[in-house]
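**Student:** 3D model of this:
(one chain, ligands or ions: 1)
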Amino acid sequence: MSLRERCPVIMFNDFGDERGKLVVIEGNQSIPFEIKRVFYIYDSDSTIVRGQHANRESEFVLINVAGTSKVRITDGREEFIVELNKPMMGVYIPTMVWKDMYDFSPDSVLLVLASTHYIGSEYIRDYEEYLKEIGHEK
Ligand code: TYD
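**Tutor:** Sure, this is the predicted structure:
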């Protein structure tokens, strides 16, 4: 399976009527895990790169509920970029996949749904260590 296939873009149900729009995301339904944690990133700007980690245990879905940002996704061999620019659009990041989030618009609110509670030690923040753990050491 290609990296893109492993990290699909997911379009959520977007119910709109004259009152506005409503996006629905349900754990184990529109996304492939039970949601244990939610956090959001805002007040980053176009000069900032966030993320820069892979996770041994956590799966994520990233959604720009306002504004836009980009996510660079790599497994050390393949790489691709997703622009998150719609509130009903998310990208799924499985375990042991490296991600960088960047190019945040001034109004960006990047919502992250996670499959685990926070455990700092399951984050791999060193890219060389990441390559070693997935067996892609150069
Ligand atoms: P960090 O993982 O560096 O954020 P990003 O993925 O955007 O680069 O997290 C920033 C800080 O917040 C760091 O001190 C750890 C803390 N944090 C928690 O305490 N709980 C969490 O669920 C997350 C995601 C971060």
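
**Student:** List of residues touching the worst-scoring helix or strand of the chain on mean pLDDT?
**Tutor:** Sorting the helices and strands of the chain by mean pLDDT, DSSP states H and E puts strand 13-17 at the bottom, at a mean of 95. If you take CB atoms under 8 Å, 6 or more residues apart in numbering as the criterion, strand 13-17 is touched by 21-24, 30, 87-88. No exception for glycine: its C-beta is placed from N, CA and C like everyone else's.

**Student:** Please spell out which residue in this protein sits farthest from the middle.
**Tutor:** The C-alpha centroid of the chain is most remote from residue 18, which lies 30.8 Å away (CA atoms, centre = their mean).

**Student:** how close does that one sit to the ligand?
**Tutor:** According to CB to the nearest ligand atom, to the nearest Å, residue 18 stands 37 Å off from the ligand.

**Student:** Next, give phi and psi for residue 78.
**Tutor:** Main-chain dihedrals, residue 78, degrees, to the nearest 10: phi -100, psi 160.

**Student:** From the ligand, how far off is it?
**Tutor:** Distance of residue 78 to the ligand, computed by CB to the nearest ligand atom: 21 Å.
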